[in-house]
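Undergrad: mind folding the following:
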Amino acid sequence: PRNLNKFYGSFEGPSARGGSQRCGAPHRVRRAAPTMDRSRAVFERWDLNGDGVLDFTEVVAGCLGTGMEPEEVSAMFEQMDVNGDGEISLDEWLSGAAVYKANAYAAVVPTPGSSRLTTGVTLAFFKDLPSIFLKLKGGGVKKLPNVLEQDITTEQLVFGQSARNTTGPGPTEWCIAGATEKGRCCFIELCELAGLTAAANGSPYFAPVTHFVSHTWGANFPQLVTTLELYAAGDNKTSFFLDVFAINQHVPPWRESTPKTYDEALGASIAVCRRTVLVLQPWVKPTSLTRAWCLFEITTTLDVGGTLDVALSQADRELFVETLTENFSDIMQNLSDIDASKATATVLEDRDTILKLIESKNGKGFRAVNEAVMGAIRAWLVEAASAALTGLEESAGAASTEVANLMHSIGTLYTSIGRYKDALDAFGRVLEVRRQVLGEQHPETADTMYNMANAYEQQEQYEPAAASYDLAGDAYAVAYGVVHDETLDARKLAAAMREKLAI
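TA: Numbers count the residues shown, from 1 in each chain. The predicted structure follows:
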């Protein structure tokens, strides 16, 4: 049969002995007629785990770079799997080789696959991930539990139980690096060759990328998937660039024979999308903001004029208002602790290269980078908190203390990004509620007046600033005493405002 001829022709001859060619224009070679010994040798070489049979993944990996279409590989596997047990025995393999017509002809030499820098994965791909992984389980793995139901980090998904994991061995022996090892390709290419490109309803698994995903490999992978699904909100046109699937984990773009720079590789993907989704896990103190790769992706997004979105898990969304109001000081402290110069990366060489690139992007050093990242996150916090405020006003009432507390956090965020007029509007609303509910001399009322004074001061409106500091000092004196640090601080600032008025 024609299919078997093409299949056996793909590995017989010189290229079956392997090679070290990089991606590029394929060479063509003359092939010799097959023999049973050579066919047996190829079988043994493709049998990665040495269990005496070839599973689907081993066959797919062996076919990478041969020029065969995905549907042809699937058809070949079914044709040779005579007893239909999902594996090809040596007898079945040699029977297929015997059918192959011995003649010399031209074929493409297998070469390492390339990364897919402008290809994204869709919601349909996420939905079918368990079945896709099961189909490509390979490596002698007889059983593969649903990865999306496992406590597994992204790094463990990529490297399995390898010592390369900084988060410890994964819960399953199957991993992306293992499945793509034979073909030295990215996972998207492996799926394409296996014919796994669309869901049963025809929805594509892969599409031109629309959103670049910035995340840390040390976080939970199933939560990453559900967070992105929640972010996309059912929009089937959303296509995420996710490095674990799009980047060749064996020969990444920056380690090819003609290497790309990080800007040429990931920077190009970010520029195409112009929208980066930063997955914060957990969002209160995300480890991603301490990772060199993530800071590079954020600064590159801002550098190309792109939009930075933040995606939260369902649990974080549900606790967003409570966390923002009750742990606000901790959140602001975590943001102020961002320091690109201290960012980490698993590979030291990568870290050093990335940090030099980050520092050189705007010519102003790490301080400017830190301020840009903090500003972007604070701007997102304002937008997310304002959206949450609308729902809270409907459920708790506009004059409730819950609304006032959230509005106070929003006002402080406005101040931190220089939107002082918006801050004063927010604090004015808060002050009205707190005076009515808590009283004029309550510490929280005093905090509001103090923050209003600061917003006035930033705009050089020293007269209302002095008056607000006075009111705050009076309230602190009643609540804490006349010699308390809060009281003395407010009094001192009020006097400083009057000095500026006198100049």
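Undergrad: what segments of the stretch 301-450 of the chain are strands?
TA: Secondary structure of the stretch 301-450 of the chain (DSSP state E, counting those that start in this stretch): strands at 307-311.
Undergrad: distance check, the nearest residue to Thr325 once chain neighbours are set aside against Glu440.
TA: What sits nearest to Thr325 in space, not counting adjacent residues and going by Cβ to Cβ, 6 or more residues apart in numbering, is Asn405, at 4.4 Å. All C-beta atoms are positioned from the backbone trio N, CA, C, and that covers glycine. Computed as Cβ to Cβ, to the nearest Å, the Asn405 to Glu440 distance reads 18 Å.
Undergrad: which of the two has more neighbours?
TA: Neighbours were counted for Asn405 and for Glu440 using other Cβ atoms under 10 Å; Asn405 has more, 21 against 15.
Undergrad: so the more buried one makes contact with Glu322?
TA: No - between Asn405 and Glu322 there is no contact under Cβ atoms under 8 Å: 9.6 Å.
Undergrad: what pLDDT does Glu394 get?
TA: Here the pLDDT value assigned to Glu394 is 89.
Undergrad: ignoring the adjacent residues along the chain, who's closest to Gly439?
TA: Closest to Gly439 by Cβ to Cβ, 6+ apart is Thr445, at 6.7 Å.
Undergrad: thinking again about what came up before, gap between the residue nearest to Thr325 and Ala455?
TA: As judged by Cβ to Cβ, Asn405 and Ala455 stand 18 Å apart.
Undergrad: report the contact partners of the residue nearest to Gly439.
TA: 431, 434-435, 438-439, 475 (Cβ atoms under 8 Å, 6 or more residues apart in numbering).
Undergrad: how many neighbours does Ala426 have?
TA: By other Cβ under 10 Å, neighbour count at Ala426 equals 29.
Undergrad: thought it was touching Ile410?
TA: Yes - at 5.2 Å, Ala426 and Ile410 qualify as touching, with contact defined as Cβ under 8 Å.
Undergrad: flag the shaky bits of this protein, pLDDT-wise.
TA: Scanning the chain for pLDDT under 70 picks out 1-38, 64-67, 95-113, 138-145, 165, 361-364, 503.
Undergrad: the strands in it, which residues?
TA: For the chain, strands defined by DSSP state E occupy the ranges 28-30, 53-55, 87-89, 106-108, 119-121, 206-208, 211-214, 240-241, 275-279, 307-311.
Undergrad: make a markdown table from these and add distance to Gln156 and mean neighbour count to it.
TA: Listed next are those as a markdown table, based on distance: least, Cβ to Cβ, whole Å; neighbours: other Cβ atoms under 10 Å:
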| stretch | distance to Gln156 | mean neighbour count |
| --- | --- | --- |
| strand 28-30 | 40 | 12 |
| strand 53-55 | 22 | 22 |
| strand 87-89 | 27 | 20 |
| strand 106-108 | 35 | 16 |
| strand 119-121 | 19 | 25 |
| strand 206-208 | 24 | 17 |
| strand 211-214 | 18 | 24 |
| strand 240-241 | 20 | 26 |
| strand 275-279 | 17 | 22 |
| strand 307-311 | 21 | 18 |
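Undergrad: closest one to Arg184 among the ones you listed?
TA: Distance to Arg184, taken as Cβ to Cβ, is lowest for strand 106-108 among the strands of the chain, at 15.3 Å.
Undergrad: rewinding a little: can I get the strands of the chain in CSV with distance to Val369?
TA: Output for those, formatted as CSV (distance: least, Cβ to Cβ, whole Å):
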stretch, distance to Val369
strand 28-30, 49
strand 53-55, 47
strand 87-89, 53
strand 106-108, 45
strand 119-121, 27
strand 206-208, 30
strand 211-214, 15
strand 240-241, 22
strand 275-279, 15
strand 307-311, 14
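Undergrad: out of these, flag the one nearest His250.
TA: Nearest of the strands of the chain (Cβ to Cβ): strand 119-121, 17.5 Å.
Undergrad: output the contacting helices and strands for that closest one.
TA: If you count contacts as 3 or more Cβ pairs under 8 Å, 6 or more residues apart in numbering; DSSP states H and E, strand 119-121 packs onto strand 206-208, strand 240-241, helix 243-246.
Undergrad: and these: which comes nearest Ala467?
TA: strand 240-241 (51.7 Å).
Undergrad: need the helices for the stretch 151-300 of the chain, in chain order.
TA: Using DSSP state H, counting those that start in this stretch, the helices of the stretch 151-300 of the chain run over 154-159, 176-179, 187-193, 221-232, 243-246, 262, 268-273, 292-303.
Undergrad: just checking, what packs against the fourth one?
TA: Translated: helix 221-232. Checked by 3+ Cβ pairs under 8 Å, 6+ apart, helix 221-232 has helix 123-135, helix 154-159, strand 275-279, strand 307-311, helix 314-318 packed alongside it.
Undergrad: quick one: buried residues of the last one?
TA: Using 16 or more other Cβ atoms under 10 Å as the burial criterion, the residues of helix 314-318 that qualify are Asp316.
Undergrad: so which of the helices and strands packed on helix 221-232 is nearest Pro204?
TA: Proximity to Pro204, assessed across the helices and strands packed on helix 221-232 by Cβ to Cβ, is greatest for helix 123-135 (6.7 Å).
Undergrad: just how off-centre is the closest one within its chain?
TA: 18 Å (Cα atoms, centre = their mean, to the nearest Å).
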